[in-house]
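Chemist: Quick one, what's the 3D model for this:
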Amino acid sequence: MKLGELASRLGAELRGNPDVEVTGVKGIEEAGASEITFVANPKYAGLAKKTKAAAVLVEPEFPEIETPTLRLKNPYHAFSRALGMFYQAPAYAPGVHPTAVVDPTAEIGEGAHIGAYVVVGPNVKLGPGATLLPHVVLYPNVKAGRKLFAHAHAVVREHCELGDDVTLENGAIVGADGFGFSKNEHGHWVKIPQSGPVRLGDRVDVQANACVDRATVGSTEIGDGSKIDNLVQVGHGSRVGKNSLICAQTGLAGSSVIGDNVILAGQTGVAGHCTVGDGVILTAQSAVSHDIPAGKMISGSPGFDNRVWLRAVTIFQRLPELLRRIDRLEKRLPAVAQDESTAKATGAKE
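Modeler: Alright, predicted model coming up:
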């Protein structure tokens, strides 16, 4: 593809030769003379001057460089779109593999691909364009909208409901039993039935080996456009709003409530029954055990305001130095006290 054509398809302003041939997309340090790259983070701006790429996707105000530039408001998203133009994912033809087991009561929409050793249980309803890759299992009474894409070994448990354009990566588990037990008169933990399904909205992605547990009663809900990263645990009865990101190894205890447009960075934690408001950001390895108002950025464990946390971390790093200074002051105090006492006694005699 010519650079000029790529600029046109991306809606970018091209500053450079439109006839340069582009064959792919790579990172700024790896890109060669026929590949494009991008700069979205200012700390990589210096690399743009050294890159060997055919062109660099940048914001409109980016300084002029020798390498051709494609200028537009969201270079990172444009980079994603460009990847889609050059990388073609495998295509899966409609049809049912002979080793798949599809219950006769299941309703399969037009154009579905049912791969090897897939199991589709009784009364399942799949919208058109579904792709179920090998060893996917849909329990009885699952409902899914258009274009469900379930990678190998994904599992959806009984009565769960999935919207349109849902993607389940390898090993994703939707609707496993929540962690609910009560202790009987003998002191034994007894399992509480987990009767409530999981409901995923439209355009939800559940990444590899993530678990979204079913509810004891009611339902566990993930809103439209939200993304659940690898190895995330969403506890039973939790609710996640729209367009939120829950990053790797995050854990939501049961009945957590997460608002819209929230970002929970890697290895964060939310205690049970806590509410995290719209637009909140929890930075990596933060943990909260109380409600967080909308719009806050929280850091640390236990979590508190990010600006205060940054100051606290700076002080924490200085603690050894401050301790030494306090020790020196304490050693001087007896001598100072003695000098003051002597001065008072001398003054009294005079």
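Chemist: Identify the residue nearest the geometric centre of this structure.
Modeler: Nearest residue to the geometric centre of the chain (C-alpha atoms, centre = their mean): Cys247, 3.0 Å.
Chemist: Now do the helices in the stretch 201-350 of the chain.
Modeler: 306-349 (DSSP state H, counting those that start in this stretch).
Chemist: Point out where it drops to low pLDDT.
Modeler: Along the stretch 201-350 of the chain, segments meeting pLDDT under 70 span 335-350.
Chemist: so Thr275 touches Ile292, yeah?
Modeler: Yes - the pair Thr275 / Ile292 is scored as a contact, 7.3 Å apart, by C-beta atoms under 8 Å. C-beta coordinates here come from the backbone N, C-alpha and C atoms, glycine included.
Chemist: Between these two, which is the more surrounded one?
Modeler: Ile292 (23 against 18; other C-beta atoms under 10 Å).
Chemist: Spit out the contact partners of Leu57.
Modeler: 10, 12, 36-39, 69-70, 72, 75, 78-79, 82 (C-beta atoms under 8 Å, 6 or more residues apart in numbering).
Chemist: got it, and Leu138?
Modeler: Applying C-beta under 8 Å, 6+ apart, the residues near Leu138 are 119-121, 124, 126, 132, 144, 156.
Chemist: and with 6 Å instead?
Modeler: 120-121, 124, 156 (C-beta atoms under 6 Å, 6 or more residues apart in numbering).
Chemist: one step back: and the contacts of Leu57 as JSON lines, adding pLDDT and neighbour count?
Modeler: Putting these into JSON lines (pLDDT from 0 to 100; neighbours: other C-beta atoms under 10 Å) gives the following:
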{"residue": "Leu10", "pLDDT": "96", "neighbour count": "20"}
{"residue": "Ala12", "pLDDT": "96", "neighbour count": "22"}
{"residue": "Ile36", "pLDDT": "96", "neighbour count": "32"}
{"residue": "Thr37", "pLDDT": "95", "neighbour count": "27"}
{"residue": "Phe38", "pLDDT": "94", "neighbour count": "27"}
{"residue": "Val39", "pLDDT": "93", "neighbour count": "23"}
{"residue": "Thr69", "pLDDT": "95", "neighbour count": "26"}
{"residue": "Leu70", "pLDDT": "96", "neighbour count": "24"}
{"residue": "Leu72", "pLDDT": "96", "neighbour count": "17"}
{"residue": "Pro75", "pLDDT": "94", "neighbour count": "24"}
{"residue": "Ala78", "pLDDT": "95", "neighbour count": "24"}
{"residue": "Phe79", "pLDDT": "93", "neighbour count": "20"}
{"residue": "Ala82", "pLDDT": "94", "neighbour count": "25"}
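Chemist: on contacts alone, who are the packing partners of the helix or strand hosting Ser80?
Modeler: Ser80 is located in helix 75-86, with elements delineated by DSSP states H and E. Packing partners of helix 75-86 (3 or more C-beta pairs under 6 Å, 6 or more residues apart in numbering; DSSP states H and E): strand 24-25, strand 55-58.
Chemist: Packed most tightly, which of those strands would that be?
Modeler: strand 55-58 (a mean of 26; mean count of other C-beta atoms under 10 Å).
Chemist: Parallel or antiparallel, which strands does it pair with?
Modeler: Neighbouring strands of strand 55-58 in its sheet, by DSSP bridges, are strand 35-38 (parallel), strand 69-71 (parallel).
Chemist: Now render the ones you listed as a markdown table, adding distance to Pro18.
Modeler: Shown next, in a markdown table, are the strands paired with strand 55-58 (distance: least, C-beta to C-beta, whole Å):
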| stretch | distance to Pro18 |
| --- | --- |
| strand 35-38 | 13 |
| strand 69-71 | 11 |
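Chemist: which one of the ones you listed lies closest to Thr268?
Modeler: When the strands paired with strand 55-58 are compared for distance to Thr268 using C-beta to C-beta, the nearest one is strand 35-38, at 27.5 Å.
Chemist: Can I get the closest one in CSV, CA atoms only?
Modeler: The C-alpha trace of strand 35-38 is given here as CSV (Å, rounded to 0.1, in the frame of the first residue of the first chain):
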residue,chain,number,x,y,z
GLU,A,35,6.9,-0.1,7.8
ILE,A,36,5.1,2.6,9.8
THR,A,37,5.2,3.2,13.5
PHE,A,38,3.7,5.7,16.0
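Chemist: can you redo the contacts of Leu57 as TSV with distance to Asp177?
Modeler: As requested, the contacts of Leu57 are exported to TSV (distance: C-beta to C-beta, whole Å):
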residue	distance to Asp177
Leu10	46
Ala12	49
Ile36	47
Thr37	46
Phe38	43
Val39	46
Thr69	53
Leu70	50
Leu72	47
Pro75	44
Ala78	43
Phe79	40
Ala82	43
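Chemist: quick one: which of the residues you listed is nearest Ala176?
Modeler: Distances from Ala176 to those, taken by C-beta to C-beta, are shortest for Phe79, at 35.4 Å.
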